[in-house]
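Trainee: Below is the sequence, then the predicted model.
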Amino acid sequence: MAISPDDIRARIRAALPDAEVSVSDTTGGGDHFAATVVSATFAGKGPVDRHRLVYAALGDAMRGPIHALALQTETPEEYQRK
Amino acid sequence: MNDQLRQRIVDTIAKDRVMLFMKGNPQMPQCGFSAAVVGMLKETGATFGSFNILADPELREGLKEYSSWPTYPQLYVDGKLVGGADIVRELHGKGELAKLVAPLS
């Protein structure tokens, strides 16, 4: 039961509709991913709560198909500054 | 989650001020992300406790629910979740990890 970067992106977008999401499969094996999520929802939240929002969006996928997810979470303003 | 497991989780987090829940142990990490966090903690020179979640399936699943955090490693300081490997790396990059885990004077 592999999952694709597009599936991951769609799940995150369903929970955070304003989010810009980029996902890459870091090993090509369909189980290790890296994602950058940019959303205004993150404003005023610390890193732990930001990651929790993304993990909640992914739900069961985090318990099976996704073995590892390197996650970067930023507000649009933080992203612009980079 | 039953009360007994919840209490065991609370007690385990409280074992050390800086507590790392990881795959394997600091001498022999069983996962690259756990190894990375061990390496960063060692760079700070802080002392820290660790718990091998691979050896305790019940606590492994229970802690995920307790903390609303589905992955390992998980780093706690003063009983509070600091984050996983990404957040620890970010803090370390900004020089904030050492301050966070430094012994209380």
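Mentor: Everything's here; your move.
Trainee: pretty sure B:Val88 is in contact with B:Lys94, am I right?
Mentor: No - the criterion here is Cβ atoms under 8 Å, and B:Val88 misses it with B:Lys94 at 11.1 Å. Using the backbone N, CA and C atoms, a C-beta is placed for each residue, glycine as well.
Trainee: Neighbour count for these two, which is higher?
Mentor: Just comparing B:Val88 and B:Lys94: by other Cβ atoms under 10 Å in any protein chain shown the higher neighbour count belongs to B:Val88, 24 against 9.
Trainee: Assumed that one was part of a helix.
Mentor: Yes - the assignment for B:Val88 is a helix, going by DSSP: H, G, I helix; E, B strand; the rest coil.
Trainee: Need the nearest residue in space to it, chain neighbours excluded.
Mentor: Leaving out its chain neighbours, the residue that sits closest to B:Val88 by Cβ to Cβ, 6 or more residues apart in numbering or on different chains is B:Val37, at 5.1 Å.
Trainee: Relative to chain A, how far out is that neighbour?
Mentor: B:Val37 is 13 Å from chain A, where distance means Cβ to the nearest Cβ, to the nearest Å.
Trainee: just B:Lys64 next, same as before
Mentor: 8 Å.
Trainee: That residue: how many residues sit nearby?
Mentor: Each residue near B:Lys64 was counted by other Cβ under 10 Å, and the total is 19.
Trainee: buried stuff in the host helix or strand of it?
Mentor: In this assignment (DSSP states H and E), B:Lys64 forms part of helix B:57-67. For helix B:57-67, burial by neighbour count (16 or more other Cβ atoms under 10 Å in any protein chain shown) applies to B:59-60, B:62-64, B:66-67.
Trainee: what is the mean pLDDT for it?
Mentor: Across helix B:57-67, the average pLDDT comes to 97.
Trainee: what sits against whatever residue of chain A ends up closest to chain B?
Mentor: Among the residues of chain A, A:Met62 lies nearest to chain B; the distance is 4.0 Å by Cβ to the nearest Cβ. Residues near A:Met62 by Cβ atoms under 8 Å, 6 or more residues apart in numbering or on different chains: A:55, A:69, B:70-71.
Trainee: SS state for it?
Mentor: helix.
Trainee: what pLDDT does it get?
Mentor: As predicted, A:Met62 sits at a pLDDT of 93.
Trainee: can you check the one 4 residues further on too?
Mentor: Confidence per residue is given as pLDDT, and for A:Ile66 that number is 92.
Trainee: That one looks like it's in a helix, true?
Mentor: No - under the criterion used here (three-state DSSP), A:Ile66 is coil, not part of a helix.
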